[in-house]
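Novice: Got a predicted model here, sequence first, then my questions.
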Amino acid sequence: MDCLFCKIIAGEIPSTKVFEDEKILAFRDIAPQAPVHILVIPKEHIGGVDELNEDNSAVLSHIFSKIAEIAKQEGLSNGYRVVSNVGEHGCQSVRHLHFHILGGKQLGGDMV
């Protein structure tokens, strides 16, 4: 498989890890859009939100419980944004389910 995030999980491409367990990996984005910009990905390859189903969706609750921990670890006590882009029109640049944690400053209210 030629998936950038799968290669990061396998250690073939370096990343700046902030959290890892048996199910997920969280690392700093290489082109941050905020002072804190972390990507959280499942270790199982799932293409995006549009590929979630009853067989693989349990990873979502784990991801979101860890997002809260990671945000606290990063000092995001004043709030943060969690974003997942889906497909071409959603500007999903890597076809592997991932969530962006963005924070560390007052974020703009305009989402489009």
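Specialist: That came through, no problem.

Novice: The strand ranked longest in the chain: what's the following helix or strand?
Specialist: Among the segments of the chain that qualify as a strand by DSSP state E, the longest is strand 36-42. The helix or strand immediately downstream of strand 36-42 is helix 58-73, counting by DSSP states H and E.

Novice: buried stuff in that next one?
Specialist: By 16 or more other CB atoms under 10 Å, the buried positions in helix 58-73 come out as 59, 63, 66, 67, 70, 71. All C-beta atoms are positioned from the backbone trio N, CA, C, and that covers glycine.

Novice: Between strand 36-42 and it, find me the angle.
Specialist: Comparing the axes of helix 58-73 and strand 36-42 via axes from the mean of the first three to the mean of the last three CA atoms, to 10 degrees yields an angle of 160 degrees.

Novice: so what does helix 58-73 touch, helix or strand wise?
Specialist: Contacts defined by 3 or more CB pairs under 8 Å, 6 or more residues apart in numbering; DSSP states H and E place helix 58-73 against strand 17-20, strand 24-28, strand 36-42, strand 80-83, strand 99-103.

Novice: Quick one: those strands as a markdown table, columns for mean neighbour count and mean pLDDT too.
Specialist: Output for the helices and strands packed on helix 58-73, formatted as a markdown table (neighbours: other CB atoms under 10 Å; pLDDT from 0 to 100):
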| stretch | mean neighbour count | mean pLDDT |
| --- | --- | --- |
| strand 17-20 | 15 | 98 |
| strand 24-28 | 20 | 98 |
| strand 36-42 | 21 | 98 |
| strand 80-83 | 16 | 96 |
| strand 99-103 | 21 | 97 |
